[in-house]
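Colleague: pasting the sequence and the predicted coordinates here, then a few questions.
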Amino acid sequence: MSKSNKIGTVSLKFEKRLIPSKIVTIVVPIISIILAFLAGAIFIYLTGYKPIEVYQVMLKGAFGSKYGISETMIKAIPLTLTGLAVSIAFRMQLWNIGAEGQLYIGAWAASYVALFMPGLPGFLVLPTMLLFGFVGGAFWGLLPAIPRALLDVNETITSLLLNYVAILWVSFFVYGSWKDPAGFNFPLTAPFSDAATLSKIAGTRVHTGIFIALILAVVIYFLLKRTKWGYEIRVIGESQNAARYAGMDIKRNILLVLALSGGLAGIAGMVEAAGLTHRLQPIMSPGYGYTAIIIAWLSKLNPFAIVVVSFLFGGLVVGGQSVQSIGLPITTSNMIQGLILFFVLGGEVFYRYKIRVKRSTKTNEKGGQS
Amino acid sequence: MDYSVLLITVLTAAIATGTPILYAALGEILAERTGVLNLGIEGMMLVGAVMSFMVAINTGNPWIGLLAGMVAGGAVAAIHAFLCVSLKANQVVSGLALTIFGTGFSGFIGKSLIGIPAPQTFTKIAIPYLSDIPFLGTILFRQDALVYISYLLVPLLWFFIYRTNAGLKMRSVGENPGAADSLGINVFAIRYTYVIIGGVFSGIAGAYLALAFAPTWLENMTAGRGWIAVALVIFATWNPSRAVIGAYLFGGVSALAFRLQAIGVAFPAYFLSMLPYLFTIAVLIFATRQTQKNRIGAPGALMQAYDREDR
Amino acid sequence: MPQNLLVEMNSITKKFPGVIANDNVNFQARAGEIHALLGENGAGKSTLMSILTGLYSQDDGEISIKGHSVKIASPKEAIELGIGMVHQHFRLVHPFTVAENIILGKKSVGLFIDKEKVEQEIEDISKKFALKVEPKAKVWQLSVGEQQRVEIVKMLYRGAEILILDEPTAVLTPQEVKELFRTLRQMAQEGKAVIIITHKLNEVMEVADRITVLRGGKSISTVNKVDTDKKELTKMMVGRELMPQTDKKPATTGEVVLELNNVTCLSDKGYPALKDIQLQIRGGEIIGIAGVAGNGQKELAEVITGLREVTGGSIKIENKDYTNATPREIIEAKVAYIPEDRVGMGLVPNLCCTENVILKNYRHKPVCNTLFIDNKHAKEQAGKLVKDFNVKSAGIDKPVKLMSGGNLQKLLFAREMSSEPKLIVAVYPVRGLDVSAIEAVHEILLAQRESGTAILFISEDLDEIFKMSDKIAVMHAGAIMDIKAVEETNVEEVGMLMAGSKLDQEVNSNE
């Protein structure tokens, strides 16, 4: 019995791969970002604007002048801090979507120090604000952590719903008892004193909060890589079963990590209040807590990458503000942010699979038996 | 103070307030039943709202607007389906991307729509005879068309999920896709189908907000309702008939808070506004405990991407 | 001269990252025969049959069904060709009923489910092949043997003519195995081709007509059962003569290391999993736990290692109370644990060798230094273990998921043994390993036994239990039926205990 067929075929096969190559981990995010801008261009075009013109305005606004770069850096500060916050929770597969709310509560707590603790000696004000900001954010991070640790309640939804609560909480005070009596009835608190202000650097609007952000990035890096606790976080995030097997206390770590995560976001709130707004106001963040998720994911949870990516996204946020001058809404940049995350997620398929082009000429002859 | 009038007003509003959440939750139940978690409901609702509003203005017809909202919701859901089912991306992050994109995109498109008065909207229709029933008639049968459709949708979906062959297939994909695949069921096709249908439902929910409930377009007008729908699915133990209870319960709390503000109850408005969110958190905690105690769980393969060659 | 050839697979090749699972394999099956596909773990048997059932597609090679060349691109096409498979891990939807599982996905069922018609059809098949199933029962409530019957009925319901069973006897008592073989005989008599994937020589010699041996991904030979014997098959399977087993030295037992008194606990679903367990293990002895999987073995290991709550009774290690101790306290008490799920629980695949090695002692000096991990010492420790136990890896700082199964097992063992344990809990330690690796594991355990370690050894292979144990405890339905010294019992007795019968009862055996 023999058969013979000659077939030539070219096919694409997806082959699983065990670890992604280094080239892929760098090239894919870059291509993803480019594709996202292309997709954004399509939407911009459909609403009647010229994409190239729009992107030029964004680029110029963000990086085209000294003022622009300093604005970008200013935005990069809270983005770095919230990016760090989100990344450390993600390390343990804890989906902290509440960074936005934790930022607000941190800002509120820090503002309390600035506004209602006049007896505090000058040099202690900022450190106390930092502490309160951290504790406030940590508390807000513990709120979803406790049901998660004790009852296994999904922290994604609870942390997110608390965002809305946090913003309402701040509004309650700013529109109410904390409103500046000399402020013409605007919903703003009284301005902070000099002792409660982060000083500016080199005549720009960039404030010393940038040092806080950079120092914390280094601290978090070492925490994860070198300490016992960092090791535990990584093991739990990779395999809860192995962590329990190894005797690690998962519940305790859920509480600690979400508290730390919330605390970092709370510091972002303090830094915004003390460095940028110099008062507490109803809107303390244009959604940094959500952008942080994209930053963390793009950076693969690496603290130093987070610093770099935060700078780039700071530019994106500033770009979004710039396009208002030609009539586009500020949400343009949010739209592009969402697109970037889509393409990055899509691009990750290349980490898991290799594409093989298979060319097969099948000649088949059978005879006899084995 | 006529409390019975207040009660009727609140309950009537409860149904209307709960309806968009109901639609979104029903859609998400279908998607999660096949094993795919879609946290992008908020984004899909906003996209549905803005597109339906825009098309309704341009055509003067809310039904065509509704259709546009449905298509838009389904289209955005298709992106999530592609990422999660075909490319096996992380479902939580993909859903968040969907929310961020949907929020940004709807704000982007909707800028020119802010402040434009509502076009033809879905008006309340009183059903003859039924609406004359004392108490219940006013609450249930003086609503708009989309609410009535939702009344029918719930038993329909329940029957579909639990009593038909197609529903059996859908549930098998969500419980054990390996078993379904080995029997020749097309896991990918089923997941795509129901995730997209889920998006269509979220689009309806958004269209309802823009064309019936508000009716207007405002940035971020969903205000977290998409997330409440996600929580509701857990509370409903993935069962359409329980989703109704949760949706109207939530609607009731929201409506009550609003009414209390309106009649000047001496409680800060901001805290009343927090109520729906806090209530949802409480419900979520309670529901999680219940599912654990009764051991009715989420669909067995929820959030797990399926790869036939996984060894 | 091939007569009634139902299946013909020629020159099948299939590669996965890092391994060639099937290398130019040839295989045929005829109508009316029971054909055993024999080979040790990792030889490529499951892969070959997964290709036949459309789960994988071959990289090269051709398949013919009933003489026609076919491409089997999906399980759907395999079913349409009359190929049905009962996998080692069942493909059943647990919350559904038996009937729902059997008709799932079948086109002819229509829009609504006609319960009565379906139940009648199931009953007909059930009677014809003596496969007792209860259509209305929910699958998660069934025993493993019952679930297997459901899987077989599921295939027959779809008109399968080629039936493949993957390691079907792993989950059965000796009596249930006999019943299964009866069913298979009957199916062959009806003209079907029955293919059994197995690595158990006894069963092959009992039930098969023809045998194809695979080794290292290659097909070695196809023989008729009547023309061969166990020794020859072993040689084909393993490629060499097996070392004659060295008799293990008689046990020199020391003090009681582990003591369980009246221990009860619940399963994940809330039902009683362990009932009044009484057990003692002394230093230097191996107690083998025999029993069909699912009778409480997993829970037994978990209560001892602190991973499951005890609802009654007490556990003592070296006479100190460790009832409901945390896993960490158990680790500090020098208990080593080889879990059933080695890669999912005992190791972290994405972390590197070094980080896996310190998994249990990272809290102690010298690996830890107050808050920090001393990388230098950790690397030293890892390097030493890798050398001593001959673990092959791509590098101690590369993720361990790159390592082969056998080397992963070695790494796991190396880490557990290096902690100088007083007690070792080993759960199915050789599952999925090839013969050389199995020998190595046995050697390590026996060496530990000689140095005075107490060992709890849970296995599903009766031959292995008899080889390794000093005493055998048989578990059934969460209780220990009996504990006997290995020289005072035999396979038949243990088999009956596994099935739940007490030894002094009369047991009818129909043959």
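Modeller: Arrived safely.

Colleague: compute the number of surrounding residues for A:D249.
Modeller: Look at A:D249: counted by other C-beta atoms under 10 Å in any protein chain shown, it has 16 neighbours. (C-beta placed from N, C-alpha, C; glycine too.)

Colleague: likewise for the one 4 residues further on?
Modeller: For A:N253, the tally of surrounding residues (other C-beta under 10 Å) stands at 20.

Colleague: quick one, what contacts C:V150?
Modeller: C:V150 is in contact with C:92, C:98, C:101-102, C:133, C:139, C:142, counting by C-beta atoms under 8 Å, 6 or more residues apart in numbering or on different chains.

Colleague: can you do 7 Å?
Modeller: By C-beta atoms under 7 Å, 6 or more residues apart in numbering or on different chains, C:V150 lies in contact with C:92, C:98, C:101-102, C:133, C:139.

Colleague: just put those in JSON lines and tack on distance to A:I77.
Modeller: JSON lines is the format used below for the contacts of C:V150 (distance: C-beta to C-beta, whole Å):
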{"residue": "C:L92", "distance to A:I77": "55"}
{"residue": "C:V98", "distance to A:I77": "62"}
{"residue": "C:N101", "distance to A:I77": "57"}
{"residue": "C:I102", "distance to A:I77": "62"}
{"residue": "C:V133", "distance to A:I77": "66"}
{"residue": "C:V139", "distance to A:I77": "56"}
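
Colleague: farthest pair within these?
Modeller: Greatest spatial distance in these: C:L92 and C:V133, 11.7 Å, computed using C-beta to C-beta.

Colleague: out of the two, which sits in the busier spot?
Modeller: Taking other C-beta under 10 Å, C:L92 and C:V133 do not tie; C:L92 has more neighbours (25 against 22).

Colleague: next, the more buried one: secondary structure please.
Modeller: Assigned by DSSP: H, G, I helix; E, B strand; the rest coil, the conformation of C:L92 is coil.

Colleague: okay, now C:F129: neighbour count?
Modeller: The number of residues packed near C:F129 is 18, by other C-beta under 10 Å.

Colleague: typed the wrong thing, it's C:S501
Modeller: Neighbours of C:S501 (other C-beta under 10 Å): 16.

Colleague: quick check: phi and psi at the closest residue to chain A within the stretch 51-200 of chain C.
Modeller: Going by C-beta to the nearest C-beta, chain A is nearest to C:E62 of the stretch 51-200 of chain C, at 5.7 Å. Phi and psi for C:E62, reported as degrees, to the nearest 10, are phi -130, psi 150.

Colleague: does it touch C:E8 like I think?
Modeller: No: if you go by C-beta atoms under 7 Å, C:E62 and C:E8 don't touch, sitting 8.2 Å apart.

Colleague: for these two, indicate the residue with more neighbours.
Modeller: Neighbour comparison, C:E62 and C:E8: the larger count goes to C:E8, with 23 against 18 (by other C-beta under 10 Å).

Colleague: does that one count as helix, strand or coil?
Modeller: With three-state DSSP as the criterion, C:E8 reads strand.

Colleague: next, count neighbours for the residue nearest to C:G42 when sequence neighbours are not counted.
Modeller: Distances taken as C-beta to C-beta, 6 or more residues apart in numbering or on different chains place C:D434 nearest to C:G42, at 5.0 Å, with adjacent residues excluded. Close neighbours of C:D434, defined as other C-beta under 10 Å, add up to 20.

Colleague: show me what contacts C:D434?
Modeller: C:40-42, C:406 are the contacts of C:D434 under C-beta under 7 Å, 6+ apart.

Colleague: so which of these sit within helices?
Modeller: C:G406 (DSSP state H).

Colleague: mind putting the contacts of C:D434 into a markdown table with neighbour count and pLDDT?
Modeller: Putting the contacts of C:D434 into a markdown table (neighbours: other C-beta atoms under 10 Å in any protein chain shown; pLDDT from 0 to 100) gives the following:
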| residue | neighbour count | pLDDT |
| --- | --- | --- |
| C:E40 | 21 | 81 |
| C:N41 | 18 | 77 |
| C:G42 | 23 | 76 |
| C:G406 | 20 | 78 |
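
Colleague: want to try CSV for the contacts of C:D434, with distance to A:P181 as columns?
Modeller: Below are these laid out as CSV (distance: C-beta to C-beta, whole Å):
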residue, distance to A:P181
C:E40, 85
C:N41, 80
C:G42, 79
C:G406, 77
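
Colleague: which of the contacts of C:D434 sits closest to C:K231?
Modeller: Nearest to C:K231 among those, counting by C-beta to C-beta, is C:E40 at 15.3 Å.

Colleague: and that closest one, how far is that from chain B?
Modeller: 17 Å (C-beta to the nearest C-beta, to the nearest Å).

Colleague: if I look at the residue nearest to C:G42, how far off is chain B?
Modeller: 16 Å.

Colleague: tell me the pLDDT at the residue in the stretch 201-350 of chain C positioned nearest to chain B?
Modeller: At 6.4 Å from chain B, C:K269 is the closest residue in the stretch 201-350 of chain C, using C-beta to the nearest C-beta. pLDDT, C:K269: 77.

Colleague: neighbours of it, just the number please.
Modeller: C:K269, neighbours per other C-beta under 10 Å, totals 9.

Colleague: just the CA trace of stretch A:66-75, in CSV.
Modeller: Provided in CSV are the C-alpha atoms of stretch A:66-75 (Å, rounded to 0.1, in the frame of the first residue of the first chain):
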residue,chain,number,x,y,z
LYS,A,66,11.2,74.6,29.1
TYR,A,67,7.8,75.3,30.4
GLY,A,68,6.4,72.3,28.8
ILE,A,69,9.1,70.0,30.1
SER,A,70,8.6,71.3,33.6
GLU,A,71,4.9,70.7,33.3
THR,A,72,5.6,67.2,32.2
MET,A,73,7.9,66.6,35.1
ILE,A,74,5.3,68.0,37.5
LYS,A,75,2.8,65.5,36.2
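
Colleague: list the buried residues for it?
Modeller: A:68-75 (16 or more other C-beta atoms under 10 Å in any protein chain shown).

Colleague: secondary structure, distance to B:S182 and pLDDT for these - can I get that in JSON lines?
Modeller: Shown next, in JSON lines, are those (DSSP: H, G, I helix; E, B strand; the rest coil; distance: C-beta to C-beta, whole Å; pLDDT from 0 to 100):
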{"residue": "A:G68", "secondary structure": "helix", "distance to B:S182": "59", "pLDDT": "90"}
{"residue": "A:I69", "secondary structure": "helix", "distance to B:S182": "58", "pLDDT": "91"}
{"residue": "A:S70", "secondary structure": "helix", "distance to B:S182": "61", "pLDDT": "91"}
{"residue": "A:E71", "secondary structure": "helix", "distance to B:S182": "58", "pLDDT": "92"}
{"residue": "A:T72", "secondary structure": "helix", "distance to B:S182": "54", "pLDDT": "94"}
{"residue": "A:M73", "secondary structure": "helix", "distance to B:S182": "56", "pLDDT": "94"}
{"residue": "A:I74", "secondary structure": "helix", "distance to B:S182": "57", "pLDDT": "93"}
{"residue": "A:K75", "secondary structure": "helix", "distance to B:S182": "52", "pLDDT": "94"}
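
Colleague: which of those residues sits closest to chain B?
Modeller: A:K75 (16.3 Å).

Colleague: ok, and the closest non-adjacent residue to that closest one?
Modeller: The shortest distance from A:K75 to any non-neighbouring residue, by C-beta to C-beta, 6+ apart, is to A:G314 (3.6 Å).

Colleague: give the rounded mean pLDDT of the strand or helix carrying that neighbour.
Modeller: In the assignment (DSSP states H and E), A:G314 maps to helix A:303-322. Averaged over helix A:303-322, pLDDT sits at 94.

Colleague: nothing else from me, thank you.
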